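Colleague: prediction below, plus the sequence it came from.
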Amino acid sequence: MLNKVAEDIWTVDGAAVPFFGMPYTTRMTVIRLASGELWVHSPSQIDVDLMREISALGEVKYLLSPNKLHHLFLLDWINAFPQAHCYASPGLAKKRPDIQFTKELGMRPEVEWSKEIDQTIFKGSPGMQEVVFFHRRSKTLILTDLIENFNPSAFNRWQRLLARFTGILSPNGRTPVDWRLSFLFGKKQARQSLAVLMAWAPDKIVISHGDCIWEDSVQFLKKSFSWV
């Protein structure tokens, strides 16, 4: 179930979840820190086999929600790994009062992972802000919904038409059109956020929904965020 991206970083392809009538495939990212503790981005549906594989890597210590849409399985992970600290994306704590979060994520990485993982908040939309991460050693950018890059085979005919209209079909995936429109008065902030991502100069981009980018990642970012 674990797919190795590079040394000490893995992804897990989870089951599809329905979203406005579309089957959204999901992807979780796991990083093993130098301490041996595990950092888990956008936890996906958990079962006994996945728990066994994850536990073999190290101790699950940090659970992260990167935006307000990625929270469905947090409680399951908290119950499975009660020693873990859970971090909320901006606005999620208000949306999920049933979860006791350790802290809300900010513009700078927490001290526990700051030497290995960088982060920023992609700003400019009043509707939702996504926390973006960069694993320095593997030069891997980790995105959630800022870019969706679905393989056309993931959808039936009418779903493909809708996905093409919203701009989320690979190899030309980008931010969904409804979210792009919410940046109408925030493009200056979006450009500033994009500049941070570009400065990281990633070699790889892990995407939660759709095909990841394993080469020419900087060029892909430029093309994908041309709307900014």
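Modeller: Yep, that arrived. Computed from a prediction, not measured in an experiment: that's the story for all the values here.
Colleague: can you tell me the closest non-neighbouring residue to residue 115?
Modeller: Leaving aside its sequence neighbours, residue 115 sits nearest to residue 34 (CB to CB, 6 or more residues apart in numbering; 7.4 Å). No exception for glycine: its C-beta is placed from N, CA and C like everyone else's.
Colleague: quick one: the helices in this protein?
Modeller: In the chain, the segments counted as helices under DSSP state H are 48-57, 74-80, 92-95, 157-166, 177-181, 187-200, 217-224.
Colleague: for the first one, list every residue counted as buried.
Modeller: Spelled out, it's helix 48-57. By 16 or more other CB atoms under 10 Å, the buried positions in helix 48-57 come out as 50, 54, 57.
Colleague: with mean pLDDT and distance to residue 9 as extra columns, can I get the helices of the chain in CSV?
Modeller: Converted to CSV, the helices of the chain look like this (pLDDT from 0 to 100; distance: least, CB to CB, whole Å):
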stretch, mean pLDDT, distance to residue 9
helix 48-57, 94, 11
helix 74-80, 95, 18
helix 92-95, 94, 24
helix 157-166, 86, 28
helix 177-181, 92, 26
helix 187-200, 98, 15
helix 217-224, 97, 15
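Colleague: count of neighbours near the residue nearest to residue 115?
Modeller: 10 (other CB atoms under 10 Å).
Colleague: how much space between it and residue 91?
Modeller: Separation of residue 34 from residue 91 (CB to CB, to the nearest Å): 31 Å.
Colleague: residue 15 versus residue 152, what's the distance?
Modeller: Distance, residue 152 to residue 15, by CB to CB: 20 Å.
Colleague: ugh, typo on my part, it should be residue 7
Modeller: Going from residue 7 to residue 15 by CB to CB gives 27 Å.
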